[in-house]
Structure formats: C-alpha cells, structure tokens
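>>> Structure of the sequence below:
(chains A and B)
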Number of protein chains: 2
Amino acid sequence: MLSGMHPHDGPLTRLRRSHEQAVLEQLRKYGPLSRAELGTRSGLSRTTLYDIVAGLVTSGAVVAGTPYVEARKRGRPVEKLSLNPAAGEAVGIDFARRAVHVAAVNLAHEVVGSASEGHAGDLSWPERVDIAVRLLDSLTTGAPGESGAGGSGRAQAVHLGALRAIGVGVVGPTSDPGSESAHAQGIDGLPDLLRKRFGVPVLLDNNTRLAALAEAVWGAAADSGDVLYLRLSHGVGGGLVVGGALHRGRHGLSGEFGHITVDPAGERCECGKTGCLETLASLDAVLRRYRAAGGRADSPARFLDAATAADPPALEVLARVGGEVGEVLAAVCHAVGPGVIVVGGELAQAGNALLEPVEQALRQHLMPLARLHVDVRRATLGEAGSALGGIALVLHETPLLTHYPQPVSEENA
Amino acid sequence: MLSGMHPHDGPLTRLRRSHEQAVLEQLRKYGPLSRAELGTRSGLSRTTLYDIVAGLVTSGAVVAGTPYVEARKRGRPVEKLSLNPAAGEAVGIDFARRAVHVAAVNLAHEVVGSASEGHAGDLSWPERVDIAVRLLDSLTTGAPGESGAGGSGRAQAVHLGALRAIGVGVVGPTSDPGSESAHAQGIDGLPDLLRKRFGVPVLLDNNTRLAALAEAVWGAAADSGDVLYLRLSHGVGGGLVVGGALHRGRHGLSGEFGHITVDPAGERCECGKTGCLETLASLDAVLRRYRAAGGRADSPARFLDAATAADPPALEVLARVGGEVGEVLAAVCHAVGPGVIVVGGELAQAGNALLEPVEQALRQHLMPLARLHVDVRRATLGEAGSALGGIALVLHETPLLTHYPQPVSEENA
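Got it, this is the predicted structure:
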C-alpha cells in the first residue's frame, strides 16, 4: 500500500514535479482537458507535456478517456485527461502527547478519512510510527483501524501512488517549521523514520499551528483566508493564517497568544515571566479560579459540566476569563486584521458562557472601524484538526510548492 | 519621457507580461543568456520566446550582444541577452498630506533616484499629479526638480520604456490595498489621472504600510524579511512585513498598533475608544505630557531639541512612553514573531532616550525564548520611505505578480 513511492527529491525531480503540479493544477481548475488544451494552458513544450502526462497516468494520478459526447464523427476521437478522484495526494499525521491522529485527502482535495488511536505517553517513535502506518492502511483499504482506534475513516479506498508528501504535527516550538529540516525538541529520528516508511518528503510543524491552518481550510473559517486561531487547553496558544497560508514568524515563534502580558503584577508563568494570559486562561488556571470563587470541581471536565449547568461561580469565572481573552485578541486584531477568530481547545466547549464575554471585550477594545469586520466562532474540527492541518501544509505550504509555477490567469483569454 | 507605454492591461497582455517577467527573472538571476539557454530555463516554446525577447529588446528592457570571450571560432557567434541596467522598471509616488515624494528603480532593482516637493494641504489631485510627473522627469533626465523641490535624484538618466506599474501611497485606511481597485477616502479620480498620465497599472496602498515595506527591502531591516514597523508621528501606526511581503489584514486593517489599548481608563482617542497607545505616544500626546511634567516647548521639534539636550522632564516622558510602546510591541511580537522591529516617525529622532526604555519593556514582557530573537532599530529611509515602498509594492506585491509563473528552482540542475 505504501510502496512504490518516489525517493527523497533532488533538484531534477523537483523540476519534474513542478511540471506535474502545473498539469494537475490545470485539470483541477478546468476539468477534463485534451493534451493539446493542456499544452496551450501550461506553456510546456509538446515533448515535455507528453512525458509528464504519461508519468501521471502510470502513477494513477490521472486517467485518460474519450468522453462519448465529444467523440468526433470522423477520425480518431480526442482523448481527454482528468484527475483520478481516488488518488491520494497528501497524508497528515498528528503526533500528540498521548495519541496519533491521521487523515488523508484525494486529488480533488476532499478529505477521504481520518482515524485516531490513543497510547501511553512514553511510547517510542518507532511504535508511534507503526500506529500511524496502521491507521493509514485502514483508510486506504477502507478497513477500520485496529485496537481501540477511534477510526472515523469512511469506507472509501484511496491509492497512495500520487502521494507527494506527508505533513506532520508535533508538540512544542518548532524551528524551521513547515520544511523538511524542521526540528522540535524530543523528536530525534522521527523525520527519518517517516521518510523511510513513506518514501516521500516529510514536512513538520507545531501541531497547534497546524490546527489553525486546518480550521482555515476545512473548519470554522473555511470561508476566510485570514484567521486568528486561539486554543484554550492545558496550555494557551494558537496560530495565524494569512491569505490562506500559515504565518510562522521569523524563528517559528508566532501565535504565542498565551504569553501576552495581561497583568504585569500577576502570577509567574511557566515561560519565566509574569501575568501571561496562560496564567489566567489555561484549563488549570480556570479550575483554580473557579475553586477560589467557591466552585467545587476536581477536573476541567467537571468545571465544564458546571458551566453547562449554568453554575453561577463557573459563569462568573468564564466572564472574567472571556474579558481577558477578548482584550488580548483585540490587540492581535489591531496588529494583523484577521477576518475570523476561531476559539478551540477544551475551554471552548463552554460555548457562549465564554464567547459572549470575549465578544463584549472585543467590542470594547477594538477601534470602531475594526469591529465590523471580526467574527468570533468555535472551532469545528476537534481532535482530527492537527492531522488535517498536516495535509493542508502539504497542499498549501510546502517549500516544494513555492517553486511550482503558478498557473497563468487566463480568464477571458 | 513618459510616452510610448502600454495601455491598461487586459488578460492577453497580462499573459504576455507574465512571459516577459519569466524571461527578465532568468536574466536577473543568471546574468547574460543565449536564446537557447533562455528556452531551456523558461520552458517557453521557441516561437513564444523569440517573440517575447524581440519585444523586450524593442522596449529597451533587454540588450543583445556577443560577448567577445564567448565568440565561436567558426560559424555565427551566439548572441547573449542581458538586462539593460538603465531601464526603469518601477516608479513609486507618495501623496502625503502636504508633499509629493517620488522614487524610481532600474531593472537591477537599484534605486536610481528620489525627489520631493512640498505643497499646500488643499492642492487638487491634478496639480499633485503634475508635481509627481515633473519630479519623475527630473529623475529620468537627470535634471533637478523645479520650484522648491527637495530633489535628491542622482544625475543618472533612466528610460521608462520597461515600466511595468507605479506604486502609490496615500493617507488613511485603504480598502482592497495593493491592487488596481484599491480605494481610500478622498482620493476620487486619482487612480484614473495616474493611469492616463503613465499608461501602466496603478497600485495603491496606505503610505505608512508602504514605508514598512521599504524599510524591509532597502532600509533598517533590509537583511530580514519579517519586520514590525512602528511610526511615532502625529498619529501612531505601522505595518507588518511577513516573509518579505506586506501583510495587510482581511479588510486592509492591520498595523493599527496605535489603537491597541494600553490604559482602559485612559483618555478618549480620535478612533472612538479610550486608552489607545496613540493617546499616549503621538507627538501631540508626548508634547502634552512633557508640559504636564514641567517641560517648556511649544512644538514637537522643540521637544525633540529638549530630549537631545537631555532635559530631565523630556527624558522622563520618553521613558514612560518607551515603556508603553514596548509593552504593545511585546504583545505584537508574541502574535507574529518578527525578526526586526523598526521604529520610525519624528519621535524616533529622540534616539536611545526612547529606544532604551522600549527595549527594557520588551525584555520584561517577552517570553524568554522570544527575547533572543528581536532586534530594535531606528528607521533609515526618512521621507522617501513611502515612495520607495510604492516601488517595492510593484516589484514584490502586485496582483499581476501573483499571476506570474514563478521561476522553477534549477540550482544544481
């Protein structure tokens, strides 16, 4: 299933792939086309084009056929080429702290399935990669994943012959993110393991940032290319999507909304400074504040139950947290001007008890001109988000892609 | 001088221009190339390539010649094509409140000159455009600009035959920025006037944002593609450059650092809310605070003189302003992770009396991991900044460019 893929790309392969992508892009955009039409649209020479098309047909990415309605009365019918909808183009894997999540898309950029499996926190990388391969096999054969897998893969087989790369999410700050040389603490050996197993480039990024990208592509903000994603979980972080592409910052340090100062005289944060949003709005901080306000809960889940039951101390804490979160979001909005704010993580399950105070603080702290333009929404992708973000990374963000020829606009031409 | 340019582009012209840009890009990257080499590298068909090259030679953008050392012993020598270094590629114009600034670059992306002329605040758009044309003529002929022009144009003539667009900075929020359909309040008719006068596409953006782009391309942050630019002037604003490209935000509302809340209980701001950074750090606000602290100055210039003379109340006010500015910059840094912070505008002339408190506040409010990565610098481009940013807009940012085929990376190929 995962065999027969091309080896790690060199410059010549890369040039060929850029031509392949140009052809695939035309087919994606205009539907079935003849070789002659593809030649005109892609600008490639006849020889190059025929060679590239032959390769794509062999790999299963493209199928050739003669549409009945377009068959000529005389002479040889013109063969049309189209995308093979069953060809898998990209795979995403999220190596979370205690679970592996995978997802795959076909060449039409439709998500063909996702699957998850929990594991002990100290599992080795080879064992976690085994889980990922098994989960992906379950998607590509349509069989459910094994042992305790929360597989939500639809029973639709997908070939991986057209796979171009895998996008991988990991925990923690990632240097050189989104690239093949990306690195994060504690992942030694992982990229090599994956490259050997899948035979394609491996692109790595922080998994919270990948969740941001996924919400912008397939989730709560799929209609907007400019998204501010905030995750309120055991930590507080997020990501920015700008013009449909993930914004990473100069040293991979962006989306650190949890470390914006809210109260300079506040509590010491794990990061080393004081009064960070994370010291006020993480699940643990919220639970602590709830108990200080007289609430009784021994876990974040119990706190969320209390909030759902409209327990007054829970609502009071959420109102304060929402106000602080909203003030921080307003500052970021003035800086980057997102179209949509997406709030995810477990605390977002509190729903309007949290989001209404957030919106109120945004109205207070945003300049009037900006108030019209910001929309606050709950994240929709749940635990598959980061794996889906890995796919989006491959499709939208790879360093390979920046070398691809952009298709020339030919509307009305 | 400004005649003979191509009319407003249609889709077919645009396709042709994308081919032209592909050829120019190869010449820019690899130096002189033969037609055969250009064919291989650009992927264009022989017929298309010869046609495109002929047009570029006619317009003066490209020159053809036979390098002596490469002349063959027998047969016809191979003609090499190269960029004409004297061809002007882009022009930038900044229509500030009371002055017009212009600048031009050649095909080698070297700034060949800039010029400025002040005018009354109520001058009509046709009159302001006349000033711009006159200033540009002074650059293209090497003659100084007329009547009171602060022309700093070097005496280097530049043909505008290869001009591909002009980038224009205007005051105030700009909708659909960076495009030909961009609009800002009070500029009715300006884009049409410019298109008629120059015969090329006109790309418009907010002039503070253009100054940010210019600092990232030619100014204080020319070594970094990720820049946070803050301008402390009569207003407080700025811009973000991300990966070498201007970040604009969903509705053209980004870089509004002046409207981030610093003190919710503070003064009412012109924008309609209270406690914005602008109410504390604009030139007027600083002057007011200085006088409240016992200082005596009746203009921002006098205040800056006092600061330069190390007048204690002036230094005290700058220390407070620097602390507030630094706290806001730290919040933005956590969100976007810039490599360099550039501080411009008149208040930056106070130098270290302002910048040291800014850096101190940054150290306090940045998470330790981020502190290593931020560098604070004074802007270097002065009043020509926004006109230079207009050029950068054309070179790096035009909507035309997003349709251009990106050259395929062929290192080592």
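>>> from here on, contacts and neighbour counts on C-alpha atoms
Noted.
>>> give me the low-pLDDT residue ranges for the stretch 1-150 of chain A?
For the stretch 1-150 of chain A, the stretches with pLDDT under 70 are A:1-14, A:17, A:67-76, A:85-86, A:88, A:107-108, A:140-150.
>>> how does it look with 50?
A:1-9, A:71, A:142-150 (pLDDT under 50).
>>> any chance you could map the helices in it?
A:11-30, A:35-42, A:46-59, A:125-141 (DSSP state H, counting those that start in this stretch).
>>> And for the shortest one, what's in contact with it?
Contacts made with helix A:35-42 from outside it, assessed by Cα atoms under 8 Å, 6 or more residues apart in numbering or on different chains, are listed as A:22-23, A:26, A:45-46, A:49-50, A:79-81, A:407-408.
>>> most surrounded residue in the residues you listed?
Using other Cα atoms under 10 Å in any protein chain shown as the neighbour criterion, A:Val23 leads the contacts of helix A:35-42 with 27 neighbours.
>>> picking that back up, and the helices of the stretch 1-150 of chain A, which is most packed in?
helix A:125-141 (a mean of 21; mean count of other Cα atoms under 10 Å in any protein chain shown).
>>> okay, the angle between the helix or strand encompassing A:Pro191 and helix A:125-141?
Per DSSP states H and E, A:Pro191 falls inside helix A:190-198. On the basis of axes from the mean of the first three to the mean of the last three Cα atoms, to 10 degrees, helix A:190-198 is oriented at 40 degrees to helix A:125-141.
>>> what packs against helix A:190-198?
If you count contacts as 3 or more Cα pairs under 8 Å, 6 or more residues apart in numbering or on different chains; DSSP states H and E, helix A:190-198 packs onto helix A:125-141, strand A:202-206.
>>> other SSEs contacting the longest one?
It stands for helix A:125-141. strand A:99-106, strand A:111-118, helix A:190-198.
>>> Check chain A for its longest helix and report it.
helix A:312-336 (DSSP state H).
>>> chain center to the next helix or strand after that helix, what's the gap?
Next along the chain after helix A:312-336, taking DSSP H and E as the criterion, comes strand A:340-344. The chain centre lies 14 Å from the centre of strand A:340-344; the measure is Cα atoms, centre = their mean, to the nearest Å.
>>> Also stretch A:380-391?
5 Å.
>>> Need the distance between the two termini of that stretch.
Start-to-end span of stretch A:380-391 (Cα to Cα, to the nearest Å) is 17 Å.
>>> Outline the domain layout of chain A.
A:11-86, A:88-206+A:392-397, A:220-380 (automatic domain parsing).
>>> among those, which is nearest B:Ala348?
Of all the domains of chain A, domain A:220-380 sits nearest to B:Ala348, with 20.0 Å by Cα to Cα.
>>> Looking from chain B, tell me which residue of the stretch 51-200 of chain A is nearest.
Proximity of the stretch 51-200 of chain A to chain B (Cα to the nearest Cα) peaks at A:Pro173, 9.8 Å away.
>>> Could you count how many residues lie near that residue?
21.
>>> wouldn't it be in contact with A:His251 here?
No: using Cα atoms under 8 Å, A:Pro173 is not in contact with A:His251, being 9.4 Å away.
>>> sorry, back to before: state the pair within the contacts of helix A:35-42 that is farthest apart.
Applying Cα to Cα across the contacts of helix A:35-42, the maximum distance is between A:Glu79 and A:Val408, 23.9 Å.
>>> The residue of the stretch 151-300 of chain A at minimum distance from chain B: what's it in contact with?
As assessed by Cα to the nearest Cα, chain B sits closest to A:Gly249 within the stretch 151-300 of chain A, at 4.2 Å. A:Gly249 makes contact with B:226, B:242, B:336-339, according to Cα under 8 Å, 6+ apart.
>>> If we use 10 Å, what do you get?
Shown in contact with A:Gly249 (Cα atoms under 10 Å, 6 or more residues apart in numbering or on different chains): A:176-177, A:240, A:255, B:225-227, B:242-243, B:333-339.
>>> neighbour-wise, which of the residues you listed leads?
Top of the contacts of A:Gly249 by neighbour count (other Cα under 10 Å): B:Val227, with 35 neighbours.
>>> tell me the SS of A:Ala384?
helix (DSSP: H, G, I helix; E, B strand; the rest coil).
>>> how close does it get to A:Gly169?
Relative to A:Gly169, and taking Cα to Cα, A:Ala384 is found at 11 Å.
>>> Which one's more surrounded, these two?
Neighbours were counted for A:Ala384 and for A:Gly169 using other Cα under 10 Å; A:Gly169 has more, 31 against 23.
>>> Tell me which helix or strand the more buried one sits in.
Per DSSP H and E: strand A:165-170 holds A:Gly169.
>>> Give the other helices and strands that that strand contacts.
Judged by 3 or more Cα pairs under 10 Å, 6 or more residues apart in numbering or on different chains; DSSP states H and E, strand A:165-170 is in contact with strand A:88-95, strand A:99-106, helix A:190-198, strand A:202-206, helix A:207-217, helix A:385-392.
>>> okay, these in TSV with mean neighbour count next?
Listed next are these as TSV, based on neighbours: other Cα atoms under 10 Å in any protein chain shown:
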stretch	mean neighbour count
strand A:88-95	29
strand A:99-106	27
helix A:190-198	17
strand A:202-206	29
helix A:207-217	30
helix A:385-392	33
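>>> Redo those as JSON lines? Include distance to A:Ala285.
Formatted as JSON lines, those follow (distance: least, Cα to Cα, whole Å):
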{"stretch": "strand A:88-95", "distance to A:Ala285": "25"}
{"stretch": "strand A:99-106", "distance to A:Ala285": "24"}
{"stretch": "helix A:190-198", "distance to A:Ala285": "33"}
{"stretch": "strand A:202-206", "distance to A:Ala285": "23"}
{"stretch": "helix A:207-217", "distance to A:Ala285": "20"}
{"stretch": "helix A:385-392", "distance to A:Ala285": "24"}
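>>> Please identify which of those is closest to A:Gly295.
Across those, closest to A:Gly295 is helix A:207-217 (Cα to Cα), at 30.0 Å.
>>> from the chain's centre, how far out does the closest one sit?
Distance, centroid of helix A:207-217 to centroid of chain: 4 Å (Cα atoms, centre = their mean).
>>> Endpoints of stretch A:362-374, how far apart?
9 Å.
>>> Buried residues of that stretch, list them for me.
A:362-367, A:370-371, A:374 (16 or more other Cα atoms under 10 Å in any protein chain shown).
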